[in-house]
Every structure is written in structure tokens, then in C-alpha cells.
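Chemist: Provided below for reference: sequence and predicted model.
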Amino acid sequence: MAKTERERNRELAHFLRNRRERMTPSQVGLPEAGRRRTPGLRRGEVAMLAGVSLEWYTYLEQGRPIHASAEVLESLAAALRMDAAERRHMFLLAHRQPPPEKPAPQSEVSPALQRLLDELGTSPACVMDARMNIVAWNAAMYVLQGDLKGMQERDRNLLWGTFMSADFRKRKGDEWEEHARRTVAQFRAEYARHVDDPWWSDHVQALSEASGEFRSYWERHDVLEYSNARKIFRHPLVGDLTFEYLSFRPLDRTDLRLSVHVPLDDETKAKILKVLDGLNES
């Protein structure tokens, strides 16, 4: 066994033992059965809570070269009441990669995040979930995407709209092909983190059947992470709009992504205001 693997197993063993010794029976709903010789939970108690054998868990805490599946690691994380950072650390030690992200059950963004969107004024901005569904936006986003509120949920999916919305294709103009390529590659990068969720394969299948263009991009197997970029949109009434695109993850909702289009010149700002003023007057 390679030295680095032994070191990783040893580090995982120390981490689990430390977490176990910091826990108390009452934290996991177990009775305080008299005085204990050592602090924390017993190995047998952790094994029982995680649904594994005492022998197997003992081997894991001893740093032996045994494989722990993602399901077992999730059970250990729950048994030892790990927070997100501790869970990620354990997965990196055991699997050399972070755990699959657990989206928060609510689809709404926090009031503070919505206020941030609204305060961005002439910078079109939105929040997307891991599936590229646009779940929140500001008024200026109308200039780029149209009436998001009036759209069906599937049409608010950025990947779906890229290939299925003729209006969005026109707004991207000459940049559509590059946008499509990057969007598919970014979706594929996220897809790998959610292979156990049937929504992802169903979405890919539906788009593959509906769009030969999507199918050809998907078959390239390109993978990209989000990055800042210069973007141009072509509005049907006011013409070209030029932006610096920025992307962030909120610290308290890492399943979401905040996307902001910052106007690069005063002309773009003026055009956005003109479109928004027209909406207010109608």
C-alpha cells in the first residue's frame, strides 16, 4: 500500500476517533449509563448508530485499508453529528473527492439574498440551483431572459432555454454557439455529482430527443467549471448590451449560484433603464 494511502487511512482513523470522543450519549439519544472510563461514545455505539458491525468500524478507526462506501460514510456522518465541513473532510480522506452536495429542501432563496438581487439595479442578476433552474431574479433580468415569472418551470431552466427558446437564441446572437458549448460543459460537470438522481438523466434524455444540437454537444463530453467572462446580449428593442459576467456561491447555500451581469459601459446601463422604464409605463 502506498505511503500516501496509509497516511490518509491514518488521518481518517484519527479524525473519526476524535469526533467519537467529543460526543456524549445524550447528544445521540443514548442513556448516560454510569461513569465511563474514556470520554465520548463507545465504538460499539457508533457502529450501532451507523448500522455497521463493531469489527468493521474498529478496523476503520485503526487505519486499516478497508473500503467505506458513500452510503456508509453518510451513516457515519449522521451518527457522529458532523457538520458540512466535517462531512466533506471525511469524504476527502476516504474517497479523495468531496461528497455529493445535498441541496437544501426549500427552493426559495432567503429574503437577504433576494434583497441583494434587487439592490443590483441595472445589473441583471439571478440565482440558479445545481440543475440550472433559475429560482430567483431581479427586475433587470427581464432584459436578458424575458418574463421569467410568466414562464413554465422547465422554461426557466438555463440549459433547456438555451436550446429550446428561439427568443433566447436571438438574444445571444453570434455568441450562441459558444454559450451553448459552455453551458452544456458546465451542466456535465455538475451532472457527475448527481448520477444517483434520476432527474438529471431524465433531463438529458428529454433534451437529447428534442434537440439534435444539444445531443451533439453532450456527446463531446466537455467539462467546464463556471468562470467570469465578457458577454454580449442582443435586445430586440435597444440592440447590443455588453456585460462582465460574475458567478458566486452563497456561503450558506452552496447548492445555489448567484450570477451577475455587470454593464461594461454607460450605454448599456442607459439601454437597460430604457427597457425597464418602458415596462413600468405599460
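Modeler: Structure's in. What do you need?
Chemist: is Ser211 in contact with Ala166, as I believe?
Modeler: No. Using C-beta atoms under 8 Å as the test, Ser211 is too far from Ala166 to be in contact (11.9 Å). (C-beta placed from N, C-alpha, C; glycine too.)
Chemist: these two: who's more crowded?
Modeler: Taking neighbours as other C-beta atoms under 10 Å, Ser211 and Ala166 compare with Ser211 leading, 17 against 7.
Chemist: contacts only, for that one.
Modeler: Ser211 makes contact with Phe163, Met164, according to C-beta atoms under 8 Å, 6 or more residues apart in numbering.
Chemist: from the chain's centroid, how far away is stretch 232-250?
Modeler: 22 Å (C-alpha atoms, centre = their mean, to the nearest Å).
Chemist: in it, what counts as buried?
Modeler: Within stretch 232-250, the residues scored as buried using 16 or more other C-beta atoms under 10 Å are Ile232, Phe233, His235, Val238, Leu241, Thr242, Phe243, Leu246, Pro250.
Chemist: how close does the fourth one sit to Tyr245?
Modeler: Right, the one you point to is Val238. Relative to Tyr245, Val238 is positioned 19 Å away (C-beta to C-beta, to the nearest Å).
Chemist: identify the residue spatially nearest to Tyr191, adjacent ones excluded.
Modeler: Trp200 (5.3 Å; C-beta to C-beta, 6 or more residues apart in numbering).
Chemist: show me where pLDDT drops low in the chain?
Modeler: 1-3, 32-35, 100-107, 195-196, 280-282 (pLDDT under 70).
Chemist: how is it divided into domains?
Modeler: Here the domain parsing of the chain from automatic domain parsing is 3-95, 111-281.
Chemist: for the residue nearest to Tyr191, helix, strand, or coil?
Modeler: helix (DSSP: H, G, I helix; E, B strand; the rest coil).
Chemist: for Val260, same thing?
Modeler: Assignment for Val260 (three-state DSSP): strand.
Chemist: bridged to it, which residues?
Modeler: Judged by DSSP bridges, the bridge partners of Val260 are Ala125, Leu246.
Chemist: who are the contact partners of it?
Modeler: With C-beta under 8 Å, 6+ apart, Val260 has these contacts: Leu120, Ser123, Pro124, Ala125, Tyr245, Leu246, Ser247, Phe248.
Chemist: tally of neighbours for the second one?
Modeler: Read that as Ser123. Neighbourhood size, Ser123 [other C-beta under 10 Å]: 20.
Chemist: got it, and Arg169?
Modeler: Neighbours around Arg169, by other C-beta under 10 Å: 17.
Chemist: does the residue lying closest to Ser53 once chain neighbours are set aside belong to a helix, a strand or coil?
Modeler: In space, and not counting its chain neighbours, Ser53 is closest to Ala47: 6.3 Å by C-beta to C-beta, 6+ apart. Using three-state DSSP, the three-state assignment for Ala47 comes out as helix.
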